[in-house]
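K.L.:
The following block contains a protein sequence and its predicted model.
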Amino acid sequence: MVHRAPQQCACEGSNLEGPDGEVIPRASLSLYREKYVYVSSSSPNWGGTNKPLAIGWYPDALIPFTDPETGKSLSGATLTAEPFDVKPGNNQPIWVDLLVPQAAPRASIPAPTP
């Protein structure tokens with residue numbers, strides 16, 4: 001999605017349906033919005049192999065769309081996943097956690113041809 005002005009967004013999942021009518025229900029999906037934090041000063045460089053990163057925006061917490069325990073809305077929480085704004089030139093990752101039932105039939109995905 002490309003846009004020129006801030007846009008308020010929301011996201012939702014749906015049942016996942018296979019080619020032979022198999023269904024993984026929407027309840028097996030958990031959605032999370034990636035929260036970014038601004039790091040205003042770098043950590044000291046102690047000369048090791050794990051060099052500190054520069055000042056800037058970094059992905060940090062995953063904010064659940066619903067309470068992971070109850071599946072209910074997180075209204076009134078300090079941070080909420082949606083709705084959210086996406087500023088021009090920025091992106092907003094959404095993580096999807098998918099629980100595939102043990103009884104789900106196995107599928108073969110053909111390798112792409114070069």
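P.N.:
Yep, that arrived.
K.L.:
where along the chain do the helices fall?
P.N.:
Assigned by DSSP state H, the chain shows no helices.
K.L.:
Run through it and note the low-pLDDT ranges.
P.N.:
Scanning the chain for pLDDT under 70 picks out the ranges 1-6, 107-114.
K.L.:
For D67, see how far away the residue nearest the centre of it is.
P.N.:
Note on the chain: the residue nearest the mean C-alpha position is W95, at 2.0 Å, using Cα atoms, centre = their mean. Distance, W95 to D67, using Cβ to Cβ, to the nearest Å: 16 Å. Backbone N, C-alpha and C define where each C-beta goes, glycine included.
K.L.:
can you check V23 too?
P.N.:
For V23, the distance to D67 - Cβ to Cβ - is 24 Å.
K.L.:
And for A10?
P.N.:
Applying Cβ to Cβ to A10 and D67 gives a distance of 17 Å.
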